[in-house]
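Undergrad: Coordinates for the following, if possible.
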Amino acid sequence: MKWVILILLAVLDYSGHWTTSKQTLPNIVLIFFDDMGYGDLGCYGALDVSTPHMDQLALEGIRFTNFLTAQAVCSASRAALLTGCYPNRIGISGALFPNAPNGIRSAVMTLAEMLKQKNYRTGIFGKWHLGDKKEFLPLQHGFDEYFGLPYSNDMWPVHYDGTPATDWKKDRFPPLPLMEGNEPVSFIHNHTDQGKLTRQYTERAVSFIEKNRRHPFFLYLPHSMPHVPIAASSAFKGTSKQGSYGDVIQELDWSVGQVLKALKENHLEKNTLVIVTSDNGPWLNYGNHAGSSGGFREGKGTSFEGGHRVPCIMRWQGKLPQGKVCNQLCSTLDILPTLASLSGCSLPTKKIDGIDVFSLLMNPESPSPREVFYYYYRRNALEAVRKGNWKLVLPHPGRSYENQLPGRDGFPGAAPEDVPINPGLYDLRRDPAERYDVSAANPAVLAELTALAEEAREDLGDDLTGKKGKNVREN
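TA: Below you'll find the predicted structure:
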């Protein structure tokens, strides 16, 4: 009888543990770098820079090699990440400047608002850049806490009441409001202040983890670096062989290490999905203050792979396979619906463009649920379309860094915006650098992608052809 009771207790204990595990919501840590290129991490082939924490993260999780940001510029990219929508679908494009009249609106569900369905604690520590008026700030869009800059760290100065600052030329680094909630609590005035940002964001992120260790949480850590003007703290200056840019990357790697350390010390590693990625490719005309596209063509602000293809690493100890590489197509658009699947949240009622790619997380070698991707830029210009490994670049005026001498030490070189980009069909499996137009040899593929481009124009519109999309909403 004693043995029967012991067996029953064991079964009940196991059953209870299983039930608890099934019902436990995963914590989510989303780290988003600014202008970090595909080739800026050791595990992606970076030279003369050390990124041991992110390299280890890749060994313990999945490293994605065909991961695309939704648009190759700041605000648009962030809008897509947090909503699962192409940014032009919800009326956001480019990079929003201080006191912009538009921003992300209440009608659009953000990732933080979605996770609130399951009572997640939500915090953002870093760059927002989806509008700086109160109605657009994070606390009005599902976040419980916000500390950071409301826009890019290079934005020209205005006083917070909206009047222009006329004395900024006395200092190359203009005053920027550092926000706590809905109000500025201090200002970034100079290079030294810029160098404190990575540490300040990191310390707040670690504190958020410790404070919410007994409750499901969503931590969004969108770093301001390595966007120019780059700056590392005194602890990291001169630590890399790649100069100031390498110092900044190594401090960002330290930041990731601090977050991972906090998860481990609070026994949260096995119940936390960590995602590390970037908003777009490198701003190449800044030369030694810019990153590496890893051999892909062009960079930030272009629809070539150097602008869209970014590093992405995901780790969830005990749940996702370790040390795997995923070569399948997916995008920042897909993060929201994938996290909805993981957390049991309902998707937004309005149309989104993201696709649940959880199957890739479980088996990185399985076929991707995402087959098609549209490359939009400027206000609403369709510049390229992709299906599988085939990419059709459409004729358009665009930015180009080619045949331009890059700048140095924080000063930009030329990057003309109206260069005629010729049409071309590229087989990315054989030609990831997009150098060899093979449209003449593949008329059927050309016709199929041309038809897909027309579908995108009907849905989302296209300024280049004068099409107004049927399913674009103001915001």
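
Undergrad: alpha carbons only for contacts and neighbour counts from here, please
TA: Will do.

Undergrad: Could you report the separation of the residue nearest to Ala262 when sequence neighbours are not counted from Ile31?
TA: Counting by Cα to Cα, 6 or more residues apart in numbering, Val206 is the residue found nearest to Ala262 once chain neighbours are left out, at 6.1 Å. Distance, Val206 to Ile31, by Cα to Cα, to the nearest Å: 13 Å.

Undergrad: Likewise for Glu402?
TA: Separation of Glu402 from Ile31 (Cα to Cα): 30 Å.

Undergrad: Now the helix or strand containing the residue nearest to Ala262 - C-alpha only, CSV.
TA: Mapping Val206 onto the secondary structure by DSSP states H and E places it in helix 197-211. The C-alpha coordinates for helix 197-211 follow below in CSV (Å, rounded to 0.1, in the frame of the first residue of the first chain):
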residue,chain,number,x,y,z
LEU,A,197,23.4,55.3,-23.6
THR,A,198,24.3,51.6,-24.1
ARG,A,199,25.1,51.2,-20.4
GLN,A,200,22.0,53.1,-19.3
TYR,A,201,19.7,51.1,-21.4
THR,A,202,21.3,47.9,-20.2
GLU,A,203,21.1,48.7,-16.6
ARG,A,204,17.4,49.5,-16.9
ALA,A,205,16.8,46.3,-18.8
VAL,A,206,18.5,44.2,-16.2
SER,A,207,16.5,45.9,-13.4
PHE,A,208,13.3,45.1,-15.3
ILE,A,209,14.2,41.4,-15.5
GLU,A,210,14.9,41.3,-11.8
LYS,A,211,11.7,43.1,-10.9
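
Undergrad: Just the helices from the stretch 301-450 of the chain, written as ranges.
TA: Assigned by DSSP state H, counting those that start in this stretch, the helices in the stretch 301-450 of the chain fall at 305-308, 335-343, 358-362, 443-460.

Undergrad: hang on, I meant the stretch 151-300 of the chain
TA: Using DSSP H, counting those that start in this stretch, helices in the stretch 151-300 of the chain cover 191-194, 197-211, 243-265.

Undergrad: With the stretch 1-150 of the chain instead?
TA: Assigned by DSSP H, counting those that start in this stretch, the helices in the stretch 1-150 of the chain fall at 2-23, 52-59, 74-83, 111-115.

Undergrad: Could you tell me the least trusted of those helices?
TA: When the helices of the stretch 1-150 of the chain are ranked by mean pLDDT, helix 2-23 comes last with a mean of 36.

Undergrad: Average pLDDT for stretch 63-70, rounded please.
TA: Per-residue pLDDT values over stretch 63-70 give a mean of 98.

Undergrad: hmm, back to that, by contact count, what packs against the helix holding Val206?
TA: strand 121-125, strand 145-148, strand 217-222, helix 243-265 (3 or more Cα pairs under 8 Å, 6 or more residues apart in numbering; DSSP states H and E).

Undergrad: so which of the ones you listed gets nearest Gly84?
TA: Nearest to Gly84, of all the helices and strands packed on helix 197-211, is strand 217-222, at 15.3 Å by Cα to Cα.

Undergrad: Mind listing the strands the closest one pairs with, and their directions?
TA: If you go by DSSP bridges, strand 217-222 pairs up with strand 27-33 (parallel), strand 121-125 (parallel).

Undergrad: before we move on, the earlier item: mind checking which of Glu402 and Ile31 has more residues around it?
TA: Ile31 (23 against 14; other Cα atoms under 10 Å).

Undergrad: Tell me which residues touch the more buried one, please.
TA: Listed by Cα atoms under 8 Å, 6 or more residues apart in numbering, the contact set of Ile31 reads Tyr220, Leu221, Pro222, His223, Val274, Ile275, Val276, Thr277.

Undergrad: With neighbour count and pLDDT added, can I get those residues in JSON lines?
TA: Converted to JSON lines, those look like this (neighbours: other Cα atoms under 10 Å; pLDDT from 0 to 100):
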{"residue": "Tyr220", "neighbour count": "25", "pLDDT": "99"}
{"residue": "Leu221", "neighbour count": "27", "pLDDT": "99"}
{"residue": "Pro222", "neighbour count": "26", "pLDDT": "99"}
{"residue": "His223", "neighbour count": "26", "pLDDT": "98"}
{"residue": "Val274", "neighbour count": "23", "pLDDT": "98"}
{"residue": "Ile275", "neighbour count": "20", "pLDDT": "98"}
{"residue": "Val276", "neighbour count": "21", "pLDDT": "98"}
{"residue": "Thr277", "neighbour count": "24", "pLDDT": "98"}
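
Undergrad: Need the max-distance pair from those.
TA: So, the contacts of Ile31 by Cα to Cα: farthest apart are His223 and Val274, at 15.1 Å.

Undergrad: rewinding a little: and the gap between the residue nearest to Ala262 and Val185?
TA: Distance from Val206 to Val185, by Cα to Cα: 20 Å.

Undergrad: give me the beta-bridge partners of Val276?
TA: Per DSSP bridges, the residues bridged to Val276 are Ile31, Ile313.

Undergrad: So it is in contact with Val310, correct?
TA: No - in this structure, Val276 is not within contact of Val310 by Cα atoms under 8 Å, at 10.2 Å.

Undergrad: Count residues in the vicinity of the nearest residue to Ile249 once chain neighbours are set aside, would you?
TA: Using Cα to Cα, 6+ apart and skipping the chain neighbours, the partner closest in space to Ile249 is Pro226 (7.0 Å). When neighbours are counted by other Cα under 10 Å, Pro226 registers 27.
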